[in-house]
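Engineer: predicted coordinates and the sequence they were generated for:
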Amino acid sequence: MTNPVVSAAWQEPYRGSTSILESVLNQYIKDSKGSHYARYASITQSSGTGKSRMVDEIARKIFCIPMCLGTDQAYPPPDEEIVDMFKSLAQLRDADVQLERIQFLMCAVFETALERVKTIASESTPERQSLVSRFRHLMSEDMVYRQHGQYRRQFYADVCKRAQQLWSETSKSQEARQNSPTPIASVHMQGKQVSLMTAAEALTSYLSTIPINPPPEQPRILDIILYFDEAQRLTTSDASESGTLFPHVRRALRIIQDLPIFAVFLSTVGKLEQFSPPAQLDSSDRVVRLQLLPFRPIVWTPLDVLAQRITNDKVWTLREVASTYHIVHLGRPLFPAMYDAAIAEGNRAVHDWIFKLACQKLLKTSGYGSRSLSVQETLACIAVRIPIRFNPVQISEDHADVECALVADHMRLLLYAGAGFSPIITTSASEPFLAEAAGRLMIGRRWSEGKAQASSSLAKLDPLVATSHYLQSSLLDLGERGEFAAALFLLYARDCATTFVLGRLPFPGSSSSDDCSDPGPKYDGAVHRRIVTVCQFLEALLGTKRLEACAAGLPRMYHTVESGTTPLRTAFQEAFIYFNHFIKVRSYEVVNQAYLLLAISRGAAIICADGHIGVDIVIPVLIGTSLVKKNVTAILVQAKNSRHYGAKIQYPVFMNMNPYICGLFDRDVKEPPPVLRMVFALASPNAAVATASGPVRQSTRSSDRTAAFTAYDIWCAGASHKTFAVIQEGEDAAVASLLKLMRHAGDISARVGLGELVRHAMHQMEPLVSTEPGHTDLFADVADIGEYALAEDSGELDDVLE
């Protein structure tokens, strides 16, 4: 079933852009004047982001010679003749012979390409664009799973035959190698000199005679792309081999560095830095001494190229944007291409199959089942649902390669990579389908019918253990205010609520017809339980008993007299929540009804930009099921990981969570929907869930309205099972440990691992930055008062819901 689907997915129309790749390659050529080793770069990105298709598509504009060096399980399939040729070269013991034969092999590639180009040009009036596109068409014609078409197979059969001829002539020649830093292999055949340079020059010279219509505004500086797909074969060796072939390929490319040719290397497996190692590990002395540089890896592959566009001329519904069809088309192009191809092939089990594929890709295994996941696999699941950041400098070397491994093996995205992959910047992008797949893995091991499973099942995928494990080694930067822990609790609540037993109740967010028939993949968001009500969400988060007390509560701030007497349950009776992941935003303006509407359309909740006024986390809420801006409101959450916030409500905190000041509502919004504000006082030693005692009137002179908005406030103190129902009793210590690690994230002394004396000395190097011992003992007498008593807020203490 997968073989024809893979082939069909490749044939789907390309909807990305090749302009990015073309622009980067042109810029690299402009920058390569004597400062770079050779004109080559790797295209490096996690699986399924459209790397191969991007190069295949640019072959319609720029002459491209592709070589696929993978296994018969890869797609596009391998060029078997050239793969066998590289295998034979790898077994040679003489490095000079390897270099010489690789040069002649590449010479044969250019010679054969020139013959084919001349044949194509003779068939019609030559024009560069049509010639280039025709060659690309012939090289991909009749390609199926595990096999290329006849034209391409014959092309590489001729290449290998020609290479063998050149090799045999080399053995007769006494001066095949010219002395230079990179020896140039050449032979005399039929009265002329034959070498890699002469063959490459002949092809580029011929192409330059073919007119371009319309003529470009500036002269072309890139005529040929030499493309090595699944190129990890060039960077690997076994015990019987003398080394890898990549250094020799690179030296051959240096010979032709002044020609308008650029080589790209692509690989979906192996180490990220295999084609661009750190300078100190490079095989070239000139690169080690920084006299010559490699080009930075090309990592820019946009997401959402196959997405259903949210337009102003259509009113979407929750069940549409939460549907399998919609979410699978968001993010990287692999999944929508495979999904659409499977639908076209008549696959009736496409829903389960595409999620299984996503899980396999995320974990890089087909045998995940219900087994326990490793800490790295667990981190991979968390990272597509909650943004995690890596520290640029890690103290421990034990996990230094984890960030690269998440990109290479677990679908994390590269935003930037320097030469030698130092530095790298990675990201947790908004990919709702991948997040939904990770959610399936997490929910299946944690929740069943609204209740937590046995502790043995919870241990199979434990985010607390995984994040603490890497946080202790200084690998992660999760913030100090507790946003990560708060986001995890909120995500647990969403996951738990999706497993509630509904009985005869309708699916949240459904239409009247969804309960009695299959709505189809474009409208199945409700029947697959991706939508929950606000009250279901709060029940999962806080527990049934606390929900009843909170749901009966009245707003502390209210907009009209009527809303002032409306309990929370009634105010949010038709309010729905749909999210399966968080995104960390960089702009304060994202916290606005218009952008939260877009967040709902891709199942995203928001972790606010650092320094956002009054709010750390925003859970978008929709009143009704139609995605209309005026119906968008939110659960505004502020996380406090300081013991200065205890079990007693501190009302000024809520006052700072004004939805107009934080940006949720524009100032011209006169009739805003109600807002739910929550404060998580995570470091409180006492557990409590409290609501405001009653509404606050702003003016006694106004009889019909007292505030610009209506807000229901809930204060959650502590971070244990006594406060949050999503935390199990056996997890209390792990939660406390994680929060403590986050509070002391800046203290690296505990992670150095050289004993208490060294730790104390490090404290003495930073006077007065903390109350920890050592920061004051050399310059002042300070009584060991431990955690000093905090002054409670002088206001009225509200009822605490035990």
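Structural biologist: Sure thing, it's come through.
Engineer: next, count neighbours for S47.
Structural biologist: 17 (other Cβ atoms under 10 Å). Quick note: C-beta positions are derived from backbone N, CA and C, even for glycine.
Engineer: quick check: it vs T771, distance?
Structural biologist: 47 Å (Cβ to Cβ, to the nearest Å).
Engineer: again, but for Y588
Structural biologist: Taking Cβ to Cβ, one finds Y588 at 33 Å from T771.
Engineer: and the average pLDDT for stretch 74-93 is what?
Structural biologist: Confidence over stretch 74-93 (mean pLDDT, whole number) is 92.
Engineer: and what of stretch 600-618?
Structural biologist: What stretch 600-618 shows for mean pLDDT is 95.
Engineer: and stretch 637-646, by the same measure?
Structural biologist: Stretch 637-646 shows an average pLDDT of 93 in the prediction.
Engineer: can I get the CA coordinates of that stretch in PDB?
Structural biologist: The C-alpha atoms that make up stretch 637-646 are tabulated as PDB, following Å, rounded to 0.1, in the frame of the first residue of the first chain:
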ATOM      1  CA  VAL A 637      -2.800  32.400  33.000                       C
ATOM      2  CA  GLN A 638       0.000  33.900  35.000                       C
ATOM      3  CA  ALA A 639       2.600  31.500  36.400                       C
ATOM      4  CA  LYS A 640       4.500  32.300  39.600                       C
ATOM      5  CA  ASN A 641       7.400  30.200  40.700                       C
ATOM      6  CA  SER A 642       8.200  32.300  43.700                       C
ATOM      7  CA  ARG A 643       7.200  31.600  47.300                       C
ATOM      8  CA  HIS A 644       6.200  35.300  47.600                       C
ATOM      9  CA  TYR A 645       2.900  34.000  46.200                       C
ATOM     10  CA  GLY A 646       1.000  31.700  48.600                       C
END
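Engineer: so how far is it off the chain centroid?
Structural biologist: Stretch 637-646 has its C-alpha centroid displaced from the chain centroid by 30 Å (Cα atoms, centre = their mean, to the nearest Å).
Engineer: and what of stretch 138-156?
Structural biologist: Between the mean C-alpha location of stretch 138-156 and the chain-wide mean there is a distance of 33 Å, by Cα atoms, centre = their mean.
Engineer: how about stretch 206-213?
Structural biologist: On Cα atoms, centre = their mean, the centre of stretch 206-213 falls 41 Å from that of its chain.
Engineer: for it, list the C-alpha coordinates in PDB.
Structural biologist: Output for stretch 206-213, consisting of C-alpha atoms alone and laid out as PDB, is shown next (Å, rounded to 0.1, in the frame of the first residue of the first chain):
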ATOM      1  CA  TYR A 206      27.900  24.700 -24.200                       C
ATOM      2  CA  LEU A 207      25.100  25.700 -21.800                       C
ATOM      3  CA  SER A 208      26.300  29.300 -22.000                       C
ATOM      4  CA  THR A 209      25.600  29.300 -25.700                       C
ATOM      5  CA  ILE A 210      22.000  28.400 -25.200                       C
ATOM      6  CA  PRO A 211      19.900  31.600 -25.100                       C
ATOM      7  CA  ILE A 212      17.700  32.400 -22.100                       C
ATOM      8  CA  ASN A 213      14.300  33.800 -22.900                       C
END
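Engineer: am I right that A41 is in a strand?
Structural biologist: Yes - secondary structure of A41 (DSSP: H, G, I helix; E, B strand; the rest coil): part of a strand.
Engineer: residues near it, how many?
Structural biologist: Neighbours of A41 (other Cβ under 10 Å): 22.
Engineer: mind listing what's buried along the helix or strand harbouring A108?
Structural biologist: Applying DSSP states H and E as the criterion places A108 in helix 95-122. Neighbour counts using 16 or more other Cβ atoms under 10 Å place 97-114, 116-117, 120-121 of helix 95-122 among the buried residues.
Engineer: orientation of the helix or strand just after that helix relative to helix 95-122 in degrees?
Structural biologist: Using DSSP H and E, the next helix or strand after helix 95-122 towards the C-terminus is helix 128-140. Relative orientation of helix 128-140 and helix 95-122, computed by axes from the mean of the first three to the mean of the last three Cα atoms, to 10 degrees: 120 degrees.
Engineer: great, nothing more from me.
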